[in-house]
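Visitor: here's my sequence, what's the structure:
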Amino acid sequence: MTRRELDAAGITDPGLRADYSRCRQLNARHGRTYFLATRLLPLERRTAVHALYGFARWADDIVDDLDRRLTPDERDLLLKRLEEDLAHALRTGGGDEPVVRAVADTAERYAIDVELFADFLASMRADLTVTDYPTYAALRAYMHGSAAVIGLQMLPVLGTVVPREEAAPHAAALGVAFQLTNFLRDVGEDLDRGRVYLPADLLAAHGVDRELLEWSRRSGRRDPRIRAALVAAEALTRDVYRDAEPGIAMLDPRVRPCIRTAFTLYGGILDAIARHDYTVLHRRAVVPRRRRAATAAAGVLKVARARRHAPQEQERQEQERQERQRGRERLGPGRRGPDGRERKGSDHG
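Guide: Coordinates of the predicted model:
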């Protein structure tokens, strides 16, 4: 964590500064795309994003246990300890783990709904026992906790120019889009861990099941049915990106370049998958370094432009807010607005 980021965020306690620095290290090491986009945020908001990512990564590493040294029961115990540590930290500000102390501080600073953390940990626990999902609806229920809540946790940190509840569905969709992208990219690696995240109904529609995926992974051979299923999964994922995209314009102008960059880079993973003809069972699709650099450079220019126009934008938003308020006052009880609907004097929306 750079000193400037910590200072800008008003984090002065030496121990807490070290906790946030640990979260930043996790983000830099494991979340290349995410970390690159975070560098485009205003200084004072980066620490909170690192804390949210660091906590999520810590829990994810417990569940995945890439070295396979722990039994499911041992991982379940570690997850329960993390859950207890977080509950204690949210109540008292303490906590045993650096990532827990940092994320609890972030939750307090930004008034993040603590139920979102409970939903996240519930999905992490599901990964200890659930190895596949029969339908897309079942997968979406899992992704509420594993992905959608990440977008919802981020909203108070990023800030919005509309009521937060208006932006929330798009933020949740963006979290889901990013995770669906990861699922598609990591089909082979997840299969090695015994998991298939692509819904069974989508696979079955193209004549694919776990056995066929395992055969392809093991033999290195391809099958047109698998390719067709992966093309369908890509199309489904792009639909979710389309649901998410309108939310970018609802964010604070100073953070839009960051989220737009993440949106573009994650979408670039889908492009890479298609460019490699959907061989995700045999190779990992990555965004070329040159494209990553070009996207980041474009983001830097947008950040500079947003900072120049920030005061005028804030003034415009305040004027619009006041106009909406005056409009509601003029309508009064029982009056009708431009859409023809009856508006009541107590209407706030």
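
Visitor: going forward, measure contacts and count neighbours with C-alpha atoms only.
Guide: Noted.

Visitor: what's in contact with stretch 39-50?
Guide: If you take Cα atoms under 8 Å, 6 or more residues apart in numbering as the criterion, stretch 39-50 is touched by 1, 4-10, 20, 23-24, 27, 38, 103, 106, 154, 157-158, 254-255, 257-258, 299-300, 303.

Visitor: mind running it again at 6 Å?
Guide: Contact with stretch 39-50 is made by 5, 8, 9, 23, 24, 106, 255, 258, as judged by Cα atoms under 6 Å, 6 or more residues apart in numbering.

Visitor: next: stretch 227-238.
Guide: By Cα under 6 Å, 6+ apart, stretch 227-238 touches 177, 203, 206.

Visitor: which one of those residues sits in the busiest neighbourhood?
Guide: residue 177 (27 neighbours; other Cα atoms under 10 Å).

Visitor: give the buried residues for stretch 161-180.
Guide: 161, 164, 167-180 (16 or more other Cα atoms under 10 Å).

Visitor: in strands, which of the residues you listed appear?
Guide: The members of these all map outside strands under DSSP state E.

Visitor: ok so, going back, just the buried ones among the contacts of stretch 39-50, please.
Guide: 5, 9, 23, 24, 106, 255, 258.

Visitor: which of these sit farthest apart?
Guide: 23 and 255 (20.1 Å; Cα to Cα).

Visitor: related to what we said a few turns ago, among the contacts of stretch 39-50, which ones are in strands?
Guide: Short answer: the contacts of stretch 39-50 have none in strands (DSSP E).

Visitor: residue 51: neighbour count?
Guide: 29.

Visitor: list the buried residues for the helix or strand where it lies?
Guide: Residue 51 is located in helix 43-64, with elements delineated by DSSP states H and E. Judged by neighbour count using 16+ other Cα under 10 Å, the buried positions of helix 43-64 are 43-60, 62-64.

Visitor: same check on stretch 13-32?
Guide: For stretch 13-32, by 16+ other Cα under 10 Å, it's 16-24, 26-28, 31.

Visitor: picking that back up, which of the buried residues of stretch 161-180 fall in helices?
Guide: The helices, defined by DSSP state H, take in 164, 167-180 from these.

Visitor: what segments of the stretch 201-349 of the chain are strands?
Guide: In the stretch 201-349 of the chain, the strands defined using DSSP state E, counting those that start in this stretch lie at 335-336, 342-343.

Visitor: pLDDT averaged over the last one - what is it?
Guide: Averaging pLDDT along strand 342-343 yields 38.

Visitor: equivalent analysis for stretch 140-160, please.
Guide: 96.

Visitor: now flag whichever of the contacts of stretch 227-238 is closest to residue 133.
Guide: Lowest distance from residue 133 to the contacts of stretch 227-238 (Cα to Cα) belongs to residue 203, with 10.7 Å.

Visitor: ok, and the closest non-adjacent residue to the closest one?
Guide: Excluding the flanking residues, the one nearest residue 203 by Cα to Cα, 6 or more residues apart in numbering is residue 229, at 5.5 Å.

Visitor: low-confidence stretches in the chain?
Guide: Within the chain, the segments meeting pLDDT under 70 span 1, 31-34, 65-68, 287-349.

Visitor: just want the most central residue of it.
Guide: Taking Cα atoms, centre = their mean as the criterion, residue 175 is the residue nearest the geometric centre of the chain, at 3.6 Å.

Visitor: please report phi then psi for residue 159.
Guide: phi 90, psi 150 (degrees, to the nearest 10).

Visitor: how many neighbouring residues does it have?
Guide: 19.

Visitor: picking up where we left off before, show me the contacts of stretch 39-50 that map onto helices.
Guide: Using DSSP H, these in helices are 5, 8, 23, 24, 106, 258.

Visitor: any idea which of those residues is closest to residue 120?
Guide: Once Cα to Cα is applied, the member of the ones in helices among the contacts of stretch 39-50 that ends up nearest residue 120 is residue 106, at 16.0 Å.

Visitor: need the contact list for the closest one.
Guide: residue 48 are the contacts of residue 106 under Cα under 6 Å, 6+ apart.

Visitor: picking that back up, show me which pair in the contacts of stretch 39-50 is furthest apart.
Guide: Taking Cα to Cα, no two of these sit farther apart than 23 and 255, at 20.1 Å.

Visitor: re earlier: for residue 222, state which of the buried ones among the contacts of stretch 39-50 is nearest.
Guide: Of those, the one sitting nearest to residue 222 (Cα to Cα) turns out to be residue 258, at 37.3 Å.

Visitor: quick one: contacts for the closest one?
Guide: Contacts of residue 258 by Cα under 6 Å, 6+ apart are 37, 40, 41.

Visitor: helices of the stretch 101-250 of the chain, start to end?
Guide: 115-126, 136-143, 149-158, 164-185, 187-192, 200-204, 210-219, 224-244 (DSSP state H, counting those that start in this stretch).

Visitor: CSV for the ones you listed, including distance to residue 270?
Guide: Shown next, in CSV, are the helices of the stretch 101-250 of the chain (distance: least, Cα to Cα, whole Å):
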stretch, distance to residue 270
helix 115-126, 24
helix 136-143, 19
helix 149-158, 20
helix 164-185, 7
helix 187-192, 13
helix 200-204, 18
helix 210-219, 20
helix 224-244, 7
